[in-house]
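Visitor: Next input, structure requested:
(4 chains)
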2 protein chains.
Amino acid sequence: MIYSSELIKGTLKTIVLKLLADNKKMYGYEITQKVKELTGDRIQITEGALYPSLHALENEGLLTTETEFIGKRVRKYYSLSPSGKVKTREKLNEFTEFMNTMKILLDIRTA
Amino acid sequence: MIYSSELIKGTLKTIVLKLLADNKKMYGYEITQKVKELTGDRIQITEGALYPSLHALENEGLLTTETEFIGKRVRKYYSLSPSGKVKTREKLNEFTEFMNTMKILLDIRTA
DNA sequence: TCAAATACATAAGAATATTATGTATATTTG
DNA sequence: CAAATATACATAATATTCTTATGTATTTGA
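Guide: Numbers count the residues shown, from 1 in each chain, chains lettered A, B, ... in the order given. From the prediction side, this is the model:
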């Protein structure tokens, strides 16, 4: 099952920040594959959503980049900046609280 | 704390359907107040989001309406149609699975 | 060799929310 | 009792964030 996109909406930045917190540095394509792998194909991040999102996070000063060449192909690695690390904690806390609130509101039992 | 709007985005219809499943019939303003109450003011549904959403659900055939007059003031009650009840179950299942997936992905412990 | 995978990027369009505005009645409070 | 607040609906302009489509180019594997 692939979730209807509206649910994923709003969680993309949180996902990206968390992955970078766990993996030091990652490039865009790697992020899409990692999410697919970790969610058993349940969440698929499209490139049209990811790349603009990465650029936005970089412009906000939350990510830093370094470019690497693999043969002739470019690879752009992203890492958390200090403010990015702070933001990651905030986003994760917010999402956790949101989930708890929704659990109560919708009367849901999680696994 | 009021959650950043992007998280709530995409969950509004699920919330509305669930409340109607629990309460037989409700009117718009009542829904906004109920959500405030149940979430301890953590989720506030704006009227600009709710009314168009209710109209959309009605147009999809998921809700039926009946108008009532309280004095001179109109009140529009919404109820689940049969297909609305089916849809509600689907939406709740989807959201539950989504939460479980996100828990794993973000390594979150819920209360 | 040629399809699929890797790797980036942007643009058009859709969906869904916020904010602002509008209208009107009813209730509470100073 | 006047004025502020709450109740109750609705829509329009705008913002945000995603999907889908498109574009370019390199590398790998059957």
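Visitor: I'd like the distance between the spatially most central residue of chain A and residue B:49.
Guide: Most central in chain A under CA atoms, centre = their mean is residue A:16, positioned 1.7 Å from the mean C-alpha point. Taken as CB to CB, to the nearest Å, the spacing of residue A:16 relative to residue B:49 amounts to 26 Å. Using the backbone N, CA and C atoms, a C-beta is placed for each residue, glycine as well.
Visitor: residue contacts, residue A:85?
Guide: residue A:21 (CB atoms under 8 Å, 6 or more residues apart in numbering or on different chains).
Visitor: State the helix or strand in which it lies.
Guide: Assigned by DSSP states H and E, residue A:85 falls within helix A:82-106.
Visitor: Next: residue A:76.
Guide: Element membership of residue A:76, judged by DSSP H and E, is strand A:73-80.
Visitor: Per-residue pLDDT of the nearest residue to residue A:107 once chain neighbours are set aside, please?
Guide: With CB to CB, 6 or more residues apart in numbering or on different chains as the measure, residue B:18 is the residue that lies nearest to residue A:107, at 7.5 Å, once sequence neighbours are left out. Looking at residue B:18, its pLDDT stands at 97.
Visitor: Contact partners for residue B:18?
Guide: Residue B:18 touches A:105, A:106, A:107, B:88, B:91, B:92, counting by CB under 8 Å, 6+ apart.
Visitor: let's see 7 Å
Guide: A:106, B:88, B:92 (CB atoms under 7 Å, 6 or more residues apart in numbering or on different chains).
Visitor: Adding neighbour count, pLDDT and distance to DNA strand D, write the residues you listed out as TSV.
Guide: Conversion of those to TSV gives the following (neighbours: other CB atoms under 10 Å in any protein chain shown; pLDDT from 0 to 100; distance: CB to the nearest atom of the strand, whole Å):
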residue	neighbour count	pLDDT	distance to DNA strand D
A:106	21	94	21
B:88	21	96	20
B:92	17	94	21
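Visitor: does any part of the worst-scoring helix or strand of chain A on mean pLDDT sit near DNA strand C?
Guide: Among the helical and strand segments of chain A, the one scoring lowest on mean pLDDT, DSSP states H and E is helix A:5-8, with a mean of 73. Yes - remark: helix A:5-8 sits within contact range of DNA strand C at residue A:6, by CB under 7 Å from any atom of the strand.
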